[in-house]
Structures are given as C-alpha cells and as structure tokens.
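Chemist: got a structure for you, letters missing:
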C-alpha cells in the first residue's frame, strides 16, 4: 500500500446547483452525504499532485460542472472554493481565470502558430523569465519542439491537446480541468494524454487535474479519486431532474491509487459501470 | 476516366478538371465563332473582339479606371463601416442596431435617391454613398453571420486564460478571423458589380463602365455591349481570384502538407 497523507483543501464544491430557466442541470453537488473535496496529497520522497476523475453518462451535466469549475459560468446556488494562499488559511470563490480549462474539442487559434499562442499565454501569466525561454522549455518538456512554428490545422489530436494544456499551464494555473480529454483520440494519442496528466501532477504537489471521461477503465487506472455524476432516482424509481453526485471512490484510501491496474481496479470499474447504467 | 467524369461524387484529379474546363471554354469559343449566323442580333466572336479593340482605342482604360476606383473607394469605406457595426454587435447595447442594419437590405434604395442626391450634391459623392449604403447591408449581414458562428469554446478558452472581454473581442473575433473578412468581401463583391452599372448610369458625366454600357445599349451596338459585359465579367473574376488567393494564404486555410 502507498503511504500518503492529506493536507489542506485545494478545491471544494458546496451544494452547487445550476439551473437554466426552469431546467435543472445540476443539483446539490457536494452535499453532506457525498462531499466534493480535493485535498493536497503528500507522499514521501516525491511530488504528488491530485488526479480526480468525474464520470457520468452523456447529458448529466458534466460539461456544465466543468464550466463552473473553470469559473466561466456562475452557479445558480452553492459555490466552489479554492485557496487564496496555500497554507489553508484563506479561501475564495472560484473566478474566471483561476483554473485552466482544456475543452473536449481542444480549441486553438486558427491563425496563430503554436509559438504565438504560447506567447499569448505567457503574457497572461505571471512570469519573470523571458517568454522565449519559458516557451522553449515547455515545448521541449512536452515533446512539441518540432511543432513550434506549426499551426492548429497541422497538429495531430494529441499535439493539439498538449498545446491546449501548456497554454493553460502557462497562465500560471495549479488547477486544470480537462473535459473529456480522451474522446475521439486514437490509442497513441490516449497514451500521450495519460502521460501529460501524469507529468502535470508529478511536477508540483499542488497541481490538480480534474477530468471527465466515459472510459471507466481509464479513469480507474489513472485517477486517485473518482466521482460519478448522474440522475438520482426517487422512491417510485423515476429519475429526479438534474445531475448530482451519486458516488465517490477514494482510490487512495482503498490503497489502489498509483498502483498498476489490478483485479481491484477491475472490480471498481464494474461497480461504476453498473451504477452509471442506472443513472 | 470518362465514366468517372459523369458519375456523382467521383474524385477527379485537379489537372484533369482544368483540362475539362479548358475544353469547355474552347468548345464555347468555337461554337460562338463558327455557329452563330452572320445576320443576327447575337454578335459573333470576331465582331466582339473588334468592338473591344475599338473601345480600347477610344478610352476604355479611362472608364475601367473610373469604375475600379469607385469600386475600391466604396468597398474600403463600406468595409470600415461594416466592421465597426458588426464587431460592436458583441456589445449588448449595439446588438439591436447591428441587427437593424441587416434587415435594411430588404429596403429598396430607389426611394432615397432624390434625398441622397440632395444630401450629397450628386456626382461622384452620390455614387459612392449609394454603393457604400448598399454594400454595407450585405457586408454587415455576412460579418454578423461569421461572428455568430464562432464556437463558444473559443471564448471559454480565452476566458480561462484570464483575458479581458476586450482582449477576447480582439483575439477571437477580429484577429483570428481576419481571413473571413476577406471571404466576406469576395462573396459580396459580385453585388457591387451588379450595382455599379446602375449607380454609374445615374451620373454618366463621371464616366465608368456602367455609363459606357448605358450609352452603348441606347445605340443598340450589340458587339460593344457584349465586349463591355465580358470586360466587367473578367475584372470581377480577376478580383475574385486575387481575394481567394489572399484568403488561402492565411494559415487556417492552407492545406495540411502531411
């Protein structure tokens, strides 16, 4: 079993609800029964960030939840808090720009080269070193040096994804949310994105990645915490309106986070699958 | 290959397509040159070429210059105005104004010509004003359609980068879609060409191909009419090609090499 300890809270969702007109999209996310809280995890002798997976069927409000987590949309009720300082003393409501947001379609500029896009990102961040140096370093680290002067339509899916991630990282974010980062990618690209997530969370203790996916096995294999979003059923067996948290698996506590894929992982994937089909 | 040429959705090599187009033009020229009877209203190809030569000697270049300068002046003013109106449509207060302009393209301008003649003093100013007004309605409509089709994800991306709303307007709407502005000009320039004849005819003293065409029409000189029509058509095609080239030079429109 991996030895770890949990420290200050990095992200917490409190009773979040989203409603468009009369339509309820999300309902009471992060309540007393299933709290949504990501703590700073520490493991001896290594930098260990946090990887949180959010699963759920299509149309259950995952993308809406992610837009709220990115501070781009304001919730109708409840709130999401992040630390103002990382000593756990002061917290604030999440705001636009606090969290890096990599979307499912990896949107990039149409007429800017990779270098130009990253220049924009550096300009929006808080960097002391010259932009050229920072960009070259990131490109080398993420295996994109050869793509420095290429444009979005010349990049593969995996390359686009990595550029989108670097761009958000350069705006000095510790938190990054990835909306369905594996959708539409081939086997190699999936491995690239998996590596990217692991690279991200092994470069700083505070770095926290939250991602959504339909691929349960993949989520179980790389996340240290998994939440399932779906529709709850009432006493008559009818779906209640609006997605909410249905279950939470803390793989750290179960002793199977950061370990090779095993029978325990398969069991959890099976349980999640059943629960997901019923949500 | 022949079967492929007549089968829907078949892929044909570009060189073959160019050859087919060349063959069709040649066929048309031959038919025009040899099949049109001598005594008819429809002018024969040699007559049209001869008429064009005559007109060139009699100052066709001057009229050409007049038309193109009018077209350029009106396009530049119209694009500047249309950009201001369209780009400001992302600001809620100005949205209804921009929407109103798009609806005005259903309003016939003829009713305003007397008012505009008085207001502008006629002549060149009237011609430019009429073209600018007409073109702007179409440019604004097309530009607003470009803006409306920008995916929300593009805005989210820049918002997540902490960019201000004004930076987003510049980066996402204006700068990253500058190529669409050229495409909007290209697609709507044909309207300018259709209108330019009527506009130039309003004050023939200013010259231009339109004025020349009206005079030639009156004289029932069919070879000259055809020569002028073809001149206007070729200039239009030339401008269309140049604009298409500029559009294709933007990175987003370049074909992937790999």
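Modeler: Looks like it came in fine. Computed from a predicted model, the values in this text were never measured in an experiment.
Chemist: Point me to the helix or strand that includes the closest residue to chain A within chain B.
Modeler: With Cβ to the nearest Cβ, the shortest gap between chain B and chain A falls at residue B:162, namely 3.2 Å. (C-beta placed from N, C-alpha, C; glycine too.) Counting by DSSP states H and E, no helix or strand carries residue B:162.
Chemist: That one: what's it in contact with?
Modeler: By Cβ atoms under 8 Å, 6 or more residues apart in numbering or on different chains, the residues touching residue B:162 are A:96-97, A:124, A:171.
Chemist: change it to 7 Å
Modeler: A:97, A:124, A:171 (Cβ atoms under 7 Å, 6 or more residues apart in numbering or on different chains).
Chemist: Could I get the average pLDDT for stretch B:155-170?
Modeler: The average pLDDT within stretch B:155-170 is 95.
Chemist: Quick check on residue 234: phi, psi?
Modeler: Picked chain A for this. For residue A:234, the backbone dihedrals (degrees, to the nearest 10) come out as phi -90, psi -170.
Chemist: that's the wrong chain, I wanted chain B
Modeler: phi -70, psi -40.
Chemist: tally of neighbours for the nearest residue to the residue of chain B closest to chain A once chain neighbours are set aside?
Modeler: Nearest non-adjacent residue to residue B:162, counting by Cβ to Cβ, 6 or more residues apart in numbering or on different chains: residue A:97, 3.2 Å away. By other Cβ atoms under 10 Å in any protein chain shown, the residues close to residue A:97 number 21.
Chemist: The one 5 residues further on now?
Modeler: Other residues within reach of residue A:102, judged by other Cβ under 10 Å, total 30.
Chemist: Grab the most central residue of chain B for me.
Modeler: residue B:189 (1.3 Å; Cα atoms, centre = their mean).
Chemist: Which secondary structure state does that one sit in?
Modeler: What DSSP: H, G, I helix; E, B strand; the rest coil gives for residue B:189 is helix.
Chemist: Check what pLDDT the nearest residue to it once chain neighbours are set aside gets.
Modeler: Among residues not flanking residue B:189 along the chain, residue B:239 sits closest, at 6.1 Å (Cβ to Cβ, 6+ apart). In this model, residue B:239 is scored at 93, pLDDT.
Chemist: Report the buried residues of the strand or helix carrying residue B:239.
Modeler: Using DSSP H and E, residue B:239 maps to helix B:222-248. Residues of helix B:222-248 classed as buried under the neighbour-count rule (16 or more other Cβ atoms under 10 Å in any protein chain shown) are B:222-228, B:231-232, B:235-236, B:239, B:243, B:247.
Chemist: cool, stretch B:25-36 as well?
Modeler: Buried residues in stretch B:25-36 (16+ other Cβ under 10 Å): residue B:32.
Chemist: tell me the average confidence for that stretch?
Modeler: Stretch B:25-36 comes out at a mean pLDDT of 89.
Chemist: just stretch B:9-18 next, same as before
Modeler: In the prediction, stretch B:9-18 has an average pLDDT of 92.
Chemist: What of stretch B:52-67?
Modeler: Per-residue scores along stretch B:52-67 average to 92.
Chemist: How about residues contacting it?
Modeler: Contacts for stretch B:52-67 (Cβ under 7 Å, 6+ apart): B:196, B:200, B:206-210, B:212, B:224, B:227.
Chemist: rewinding a little: for the helix holding residue B:239, what is the distance to the chain centroid?
Modeler: How far helix B:222-248 lies from its chain's middle: 10 Å, per Cα atoms, centre = their mean, to the nearest Å.
Chemist: Stretch B:54-68 too?
Modeler: On Cα atoms, centre = their mean, the centre of stretch B:54-68 falls 20 Å from the chain's centre.
Chemist: what's the neighbour count on residue A:66?
Modeler: Using other Cβ under 10 Å, residue A:66 has 25 neighbouring residues.
Chemist: Please enumerate the strands of the stretch 1-150 of chain A.
Modeler: With DSSP state E, counting those that start in this stretch, the ranges of strands along the stretch 1-150 of chain A come out as A:5-20, A:23-29, A:36-42, A:50-55, A:77-83, A:91-93, A:100-102.
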